[in-house]
Structures are given as structure tokens and as C-alpha cells.
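K.L.:
Provided below are the primary sequence and the corresponding predicted coordinates.
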Amino acid sequence: MKPNLLIVDDEEHTREGLELALEDKYEVFLASSAEESFNALEAEKFEVVLTDLRMSGDTGMKVIDFAVSHSSNPICIMMTAYGEVEVAVEAMKRGAFDFLSKPVNLEKLELLITRGLNERKLKKENRELHQRLDKTYSFDGILGKSPALEKVLEQVKLVGPSKATVLITGETGTGKELIAQSIHQNSDRSRGSFVPVHCAALPSNLLESELFGHEKGAFTGASERRIGRFESAQGGTLFLDEIGEIDASTQVKLLRFLESKSIERLGSSKTIEVNARLVCATNRDLSVMMKEGNFREDLYYRLNVVTVELPPLRKRGEDVNLLLNHFLNHFAEENSFETPTIDSNAIDILRNYSWPGNVRELRNFCENLVVLKRGSRVSPYDLDPRFSLQNDESMPFEIQSSTSNLSKEENEKRLLRNALLQSKGNKTKAAELMGISRRTLHRKLIVWPELDIN
């Protein structure tokens, strides 16, 4: 679609001449006075406003003032007579993009409009990017309201603006990288780079080069110089995930950085000053590794300036429902599917589940549910057996009361499910518990295959 352009000038031949010159590239609207331009700006969304300065009634200054305060935020270009440069500069101070002297050079005008639209687009994209970053990595982007999580966020709020090295601990899947990003985003380095490195994903012989870089010929295959992650994080934050996996040689070099804030590339003796903050994370107990001789004591104490311990999801029961709703809606929107509904009985089971994989496991569970259920209702019978086995295997087997609000079929399904759980999938024992033959139980499982836990 062509961008909308508004020409404001009280001289008819000027308006029509500019319209004729610009109508191939723009959807041109005309106004013969400032008052007409106000009405046009209220009625239409404009990308460009081109206004004369001297007009009967209100001047082009009023047009500029009105346009720059409007929600559509158009670029404004002032047309002035020769010798009115000071007035045009005043218009730019009020928010005009630029000005042109009359008679207007059409080629220069088109170049000016193009440059203004490009700058407007870049500013909009930059603003949206920062909004997304703030939403993703600020405190608002971390889901949860449990006391355990609020304690962590209070620590992030305190440590973020500091220069301290931070060690984030917690089980796999608790969101250590997200917390590291929040520390970065809430620091004075937030406009710098956040550079993550997953130490466990790289062999030790490659990790050192990845972190510190190398010179050409430093080792076999080093055909050119490479800048490492430390240098890439200049002015920002370097996040080392699974710090407990680094070998002794890399530990020594990391210690040197913490002591001197400098590094050397592999194959070079030149010292490079690095202004980067270090945030590390691990799911291992570094103090135990230190006592066993697998982690340097001096490095441990250098890293362990401030420790942020993330709670496992089983200690954040209040957050499970919130996370379920968020991820179900997210994956439903992403796949253009309807969001499944989880009934209250299934919610209770999920809240009481230990979630050994933490938030990562819950996230994957939600994606699976969205893909397979697509807007349908999810009952306890639809859940993977691992959820019910953990919560129900110690419960006594009992037949539902006839006064239950469940239908006869639902009662029978629940009875069969409980029997299979109590017998750990042994169909002969399950049939005995129900007082039916194994053949009858087999026929029921053909009708209700989702109940079979094997």
C-alpha cells in the first residue's frame, strides 16, 4: 500500500503541482489551511505531512505542533520561502524532520521523504525490540507469584545494578538462563550484549577457543583469527551455563580473567582488556566438587560472590496453574489451534506432581497437550501415567460411591484406572481388584485405550 501523504498549502497551484509529482508513490491528500489539516489528521493516519509555513490563518507551525503530537506520529517537512531559515530551524526544534526552500526541488523532496520514512521505520523497530526485550527479560517476563520465586526476584533486583559476579544454582529446567538475562537487563549493561555459552555442550578442546578466541595457526584447523565470547561480551554480560563442566585448563584462564579483567587468545601472548560482567550457572554442587578436587578452590570463591538459588517447581505450587495457562495459550496461538481446557481434577494432579524436569518439563507437556488435544477438555484419564502413578499409587483402591456426581461410564473408567495404577499395570491383578475376568478387562481397554498405563 502507498504511504499516506498530506500536503498543506493555501496556494492551489502549489498543492496540485506537488500532488501530480508525488501521486505515483504516495496516496496524496490536500488541505488548503491549517484548520483543514487538523480535520484531515483526525480522520486519516498519515506517514508524511508536507506543509507551507506562510498561510492565511494559522501558520505551518501550528500544523507541525498538531502533527507531532498526534498518535500516528508522521514525519513533518516544512516548506519555507527564501530567507526563512531561522523559522524553519525553529520548526525542527518543535519536531519537524527537515525543511525545504521554495520553489521546491522535487528530486530533493522525494529523497528527503524516503530518508524520513526509513528513519521512522527504524525508530519504530528499535522501540518494539526494546519493548520485547523488557517484556521477555524484565521481572514482568518471569511467570510466578510464589514466595519462593519472589525471593529470587528480590535478589535479582538488588544484584542487577551491581558489578558483582553472580553464581546461579538450581536444578535443570528451573530457568537459570532467564534469570541471568534478567540480571543483565536490570543492570547498566542492558544495552550491551548478553552472550550465553553452554559449557557442557562443547568439548573441552573447543570450549577454550570458544571463550577466549584464537589466532591464525594457533592449532590445526585454525585457518584464521577468531574473536572469543569474552571479547564479544565487551560492555555487556557473559553467561557461562553449566560452569561445573569446564576442565582444569579453562578454570585457570577463567580465574585469571576474574583477577585481572584480561584474557589472551590461544596462540598469542598479547593481553586484551575485557570489560564484561560474568554470570555463571550450575546444577551441580561446586562446594562438593571443590572438596573432591574437581573444581579449583580459588575459582569457587571468586565465582561465589553472590549466589542466587532457584527453587524447583515442586516448591512453587502456586505457580503451576499460572504456567500451565501461559504455555497452553502460547502454543495454541503459535500453532493456530484451540487451547485445551484442563478440568479441576486434572489440575489437582498436576499441581501435586513433582515435575523433576521443572519448568522445561511443564513447557514440553503443554506443547504436547496443545498438539494432541486441540481445544478438547483434558481429564485425569488423558494425562500420562507418570502423573497419576506418583500421586495415586499409595492410595487405597476403592469403588466410587453411587451418590457420586460422575456418570456410570466415568465411574467405571475411574475404577479401572485406579485398579491399573494399584496393580502397576498388571492386568490380571487389576481384574481381580475389580471383580471381573481378565477377558472383560481387555475388552474395556479396547474401548478406552487411554486408560492402559503400559
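P.N.:
That came through fine. Keep in mind that this is a model prediction, so the values were computed, not measured. Numbering: from 1, shown residues only.
K.L.:
break the protein into its domains for me.
P.N.:
Here the domain parsing of the chain from automatic domain parsing is 4-128, 139-311, 314-451.
K.L.:
mean pLDDT lowest where, among these?
P.N.:
Per-segment mean pLDDT for the domains of the chain reaches its minimum on domain 314-451, at a mean of 80.
K.L.:
packing partners of the one helix or strand residue 332 maps to?
P.N.:
Taking DSSP states H and E as the definition, one finds residue 332 inside helix 317-335. Packing partners of helix 317-335 (3 or more Cβ pairs under 8 Å, 6 or more residues apart in numbering; DSSP states H and E): helix 344-352, helix 358-373. The way it works is simple: take the backbone N, C-alpha and C, and place the C-beta from them, glycine included.
K.L.:
please export the C-alpha coordinates of it as PDB.
P.N.:
The C-alpha trace of helix 317-335 is given here as PDB (Å, rounded to 0.1, in the frame of the first residue of the first chain):
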ATOM      1  CA  GLY A 317       2.900 -25.000  43.800                       C
ATOM      2  CA  GLU A 318       1.100 -21.600  43.400                       C
ATOM      3  CA  ASP A 319       2.800 -21.100  40.000                       C
ATOM      4  CA  VAL A 320       1.800 -24.300  38.300                       C
ATOM      5  CA  ASN A 321      -1.600 -23.200  37.200                       C
ATOM      6  CA  LEU A 322      -0.200 -19.800  36.000                       C
ATOM      7  CA  LEU A 323       2.500 -21.500  34.000                       C
ATOM      8  CA  LEU A 324       0.000 -24.100  32.500                       C
ATOM      9  CA  ASN A 325      -2.300 -21.300  31.300                       C
ATOM     10  CA  HIS A 326       0.600 -19.300  29.900                       C
ATOM     11  CA  PHE A 327       2.200 -22.100  27.900                       C
ATOM     12  CA  LEU A 328      -1.100 -23.700  26.700                       C
ATOM     13  CA  ASN A 329      -2.200 -20.300  25.300                       C
ATOM     14  CA  HIS A 330       1.300 -19.700  23.800                       C
ATOM     15  CA  PHE A 331       1.500 -23.000  21.900                       C
ATOM     16  CA  ALA A 332      -2.200 -22.800  20.900                       C
ATOM     17  CA  GLU A 333      -1.500 -19.300  19.300                       C
ATOM     18  CA  GLU A 334       1.700 -20.500  17.800                       C
ATOM     19  CA  ASN A 335       0.100 -23.500  16.100                       C
END
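K.L.:
re earlier: now the domains of the chain as JSON lines including mean neighbour count?
P.N.:
Output for these, formatted as JSON lines (neighbours: other Cβ atoms under 10 Å):
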{"stretch": "domain 4-128", "mean neighbour count": "17"}
{"stretch": "domain 139-311", "mean neighbour count": "17"}
{"stretch": "domain 314-451", "mean neighbour count": "15"}
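K.L.:
nearest spatial neighbour of residue 326, skipping sequence neighbours?
P.N.:
In space, and not counting its chain neighbours, residue 326 is closest to residue 143: 5.5 Å by Cβ to Cβ, 6 or more residues apart in numbering.
K.L.:
you'd agree the one you found is in a helix?
P.N.:
No. Counting by DSSP: H, G, I helix; E, B strand; the rest coil, residue 143 falls outside a helix, being coil.
K.L.:
against residue 249, how distant is it?
P.N.:
39 Å (Cβ to Cβ, to the nearest Å).
K.L.:
quick one, strands of the stretch 351-454 of the chain?
P.N.:
377-378 (DSSP state E, counting those that start in this stretch).
K.L.:
check the stretch 51-200 of the chain too.
P.N.:
Under DSSP E, counting those that start in this stretch, the stretch 51-200 of the chain gives strands at 75-80, 98-101, 166-169, 194-198.
K.L.:
columns distance to residue 148 on top of those strands, output as TSV?
P.N.:
Compiled in TSV, the strands of the stretch 51-200 of the chain are given as follows (distance: least, Cβ to Cβ, whole Å):
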stretch	distance to residue 148
strand 75-80	50
strand 98-101	55
strand 166-169	14
strand 194-198	24
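K.L.:
which one of those strands lies nearest to residue 322?
P.N.:
Closest approach to residue 322 among these is made by strand 166-169 (21.8 Å; Cβ to Cβ).
K.L.:
helix, strand, or coil at residue 302?
P.N.:
helix.
K.L.:
residue contacts, it?
P.N.:
Residue 302 makes contacts with 165, 255, 258, 259, as judged by Cβ atoms under 8 Å, 6 or more residues apart in numbering.
K.L.:
surely the first one touches residue 299?
P.N.:
No. Applying Cβ atoms under 8 Å, one finds residue 165 not in contact with residue 299, separated by 10.8 Å.
K.L.:
shared neighbours, these two?
P.N.:
What both residue 165 and residue 299 touch, as defined by Cβ under 8 Å, 6+ apart, is the set residue 258.
K.L.:
right, and the helices and strands packed on helix 317-335 - which one's nearest residue 410?
P.N.:
Nearest of the helices and strands packed on helix 317-335 (Cβ to Cβ): helix 344-352, 10.4 Å.
K.L.:
tell me the contacts of the nearest residue to residue 309 once chain neighbours are set aside?
P.N.:
Distances taken as Cβ to Cβ, 6+ apart put residue 169 closest to residue 309, at 4.9 Å, once the chain neighbours are dropped. For residue 169, the contacting residues are 176, 281, 282, 283, 307, 308, 309, 310, by Cβ under 8 Å, 6+ apart.
K.L.:
who's residue 169 bridged to?
P.N.:
Counting by DSSP bridges, residue 169 is bridged to residue 282, residue 309.
K.L.:
distance check, it against residue 265.
P.N.:
31 Å.
K.L.:
likewise residue 230?
P.N.:
Counting by Cβ to Cβ, the separation of residue 230 from residue 265 is 10 Å.
K.L.:
so what sits against both of those two?
P.N.:
With Cβ under 8 Å, 6+ apart, residue 230 and residue 265 have common neighbours 212, 213.
K.L.:
tell me who's in contact with the nearest residue to residue 312 once chain neighbours are set aside.
P.N.:
In this structure, residue 312 finds its nearest non-sequential neighbour in residue 171, 5.0 Å apart by Cβ to Cβ, 6+ apart. Neighbouring residues of residue 171 by Cβ under 8 Å, 6+ apart: 283, 310, 312, 356, 358.
K.L.:
rerun at 10 Å
P.N.:
Residue 171 makes contact with 283, 310, 311, 312, 313, 314, 355, 356, 357, 358, 360, according to Cβ atoms under 10 Å, 6 or more residues apart in numbering.
K.L.:
try residue 311
P.N.:
Taking Cβ under 10 Å, 6+ apart as the test, what residue 311 contacts is 144, 146, 147, 148, 149, 151, 152, 170, 171, 174, 319, 358.
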